[in-house]
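In: model the structure of this input:
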Amino acid sequence: MGSRRTTVTLLVSALSSLLASTGTVVAQSTNRELIDGLEYQLLYVALPLTLFVLLILVYAAVKFHDNDDPQPTTEDPALEITWTAATAIILLFVGLSGYSVLVSPYVSPSQALEGGDNRSQGEFESFDDLPETDDEEIYVTGYQWEWQATYAGANVTTEDAIVIPADENVTIWLTSDDVIHSLFVPDLGVKQDAFPGRYTRARTVAYEPGRYDAVCAEFCGAGHSRMDAEVVVVESETYDRWLQENEGNVTTAPNPG
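Out: Numbers count the residues shown, from 1 in each chain. A predicted model of the protein is given here:
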């Protein structure tokens, strides 16, 4: 009996520690904030339910482990209605929480297009077909096995580095020169596929200047594992000055300092 109590105590302590630790890492972008917020909401519901089910399982295992004459559970309409209603409420909560994030213009960027242009991702077939936005726009091309970024209006190009200003709406238009790639920036919560001959949109607002790892998340050939890059977030003044100083050049990313 002592070992069972110890197991239950350890389980409760572990779940409590996990609950207390959630939310301690500050989100680095609007995207990451939305995704983390949804994750925490679901955790706060899922963990108590998990603990409740496990405690009932332990209770049943201890109480009935030596029962030589088990009997079926008696009918209890009130209990059945209660757990059915509780399940429906939980599923409704999960659905509404997920929907509120999925309709965000940072998670579903087509929601933010001007003029009611709600075409699905990947339906922009040429550079001239891209809709106008009020964001800072960057054009990123994936190819085996690198990323190339071009900055609108400045004719500046970087290789395996994407420079964006902090605290500004940024649109990244993605395309591919060969096969399907996928730009994934875990710390910023950005993930979008790049298709040959089409343009897709990723949108974000990054909060903190710094360097963030970016990788290709779609298997694209023998060099897939080394197709990585950096997203360099800098202050707006630094970004504007860097564009002016390097106009017309292939250059390196500035120091986020």
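
In: got the phi and psi for residue 247?
Out: With angles defined as degrees, to the nearest 10, residue 247 sits at phi -60, psi 130.

In: chain neighbours aside, what residue packs nearest to it?
Out: Leaving aside its sequence neighbours, residue 247 sits nearest to residue 154 (CB to CB, 6 or more residues apart in numbering; 5.2 Å). No exception for glycine: its C-beta is placed from N, CA and C like everyone else's.

In: now residue 138
Out: Residue 138's closest residue in space is residue 172 (CB to CB, 6+ apart), at 5.1 Å.

In: before we move on, what about residue 175?
Out: Nearest to residue 175 is residue 199, by CB to CB, 6+ apart, at 5.1 Å.

In: hmm, that neighbour is touching residue 174, no?
Out: Yes: Residue 199 is in contact with residue 174 according to CB atoms under 8 Å; the separation is 6.7 Å.

In: remind me, longest helix of this structure?
Out: Of all the elements of type helix in the chain, the one with the most residues (DSSP state H) is helix 30-64.

In: so for it, mean pLDDT?
Out: In this model, helix 30-64 carries a mean pLDDT of 90.

In: packing partners for that helix?
Out: helix 2-21, helix 77-102 (3 or more CB pairs under 8 Å, 6 or more residues apart in numbering; DSSP states H and E).

In: what's the angle between the longest one and helix 30-64?
Out: Helix 77-102 and helix 30-64 meet at an angle of 160 degrees, taking axes from the mean of the first three to the mean of the last three CA atoms, to 10 degrees as the criterion.

In: state the mean pLDDT of helix 77-102.
Out: Mean pLDDT, helix 77-102: 91.

In: next SSE downstream of that helix?
Out: Sequence order places strand 136-143 as the next helix or strand after helix 77-102, per DSSP states H and E.

In: then that next one to PDB, C-alphas only?
Out: What follows is strand 136-143, C-alpha atoms only, in PDB (Å, rounded to 0.1, in the frame of the first residue of the first chain):
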ATOM      1  CA  GLU A 136       6.900  44.700 -44.900                       C
ATOM      2  CA  GLU A 137       7.200  42.200 -47.800                       C
ATOM      3  CA  ILE A 138      10.100  39.700 -48.300                       C
ATOM      4  CA  TYR A 139      10.300  37.200 -51.200                       C
ATOM      5  CA  VAL A 140      11.900  33.900 -50.300                       C
ATOM      6  CA  THR A 141      12.800  31.200 -52.700                       C
ATOM      7  CA  GLY A 142      13.700  27.700 -51.700                       C
ATOM      8  CA  TYR A 143      15.900  25.500 -53.800                       C
END
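
In: the next helix or strand after it pairs with which strands?
Out: Remark: after strand 136-143, the chain's next helix or strand is strand 146-151, criterion DSSP H and E. Partners of strand 146-151 in the sheet, by DSSP bridges, are strand 136-143 (antiparallel), strand 156-159 (antiparallel).

In: got the ones you listed as JSON lines, with distance to residue 82, mean neighbour count and mean pLDDT columns?
Out: Shown next, in JSON lines, are the strands paired with strand 146-151 (distance: least, CB to CB, whole Å; neighbours: other CB atoms under 10 Å; pLDDT from 0 to 100):
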{"stretch": "strand 136-143", "distance to residue 82": "52", "mean neighbour count": "20", "mean pLDDT": "94"}
{"stretch": "strand 156-159", "distance to residue 82": "59", "mean neighbour count": "19", "mean pLDDT": "94"}
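
In: I'd say residue 236 and residue 164 touch.
Out: No: counting by CB under 8 Å, residue 236 stays clear of residue 164, with 10.0 Å between them.

In: higher neighbour count, these two?
Out: Neighbour totals were compared for residue 236 and residue 164, and residue 164 leads with 24 against 12 (other CB atoms under 10 Å).

In: which helix or which strand is home to the more buried one?
Out: strand 161-165.

In: kindly report the same for residue 253.
Out: Residue 253 belongs to no helix or strand, assigned by DSSP H and E.

In: how close does it sit to residue 26?
Out: 23 Å (CB to CB, to the nearest Å).

In: and residue 130, what pLDDT?
Out: Looking at residue 130, its pLDDT is 82.
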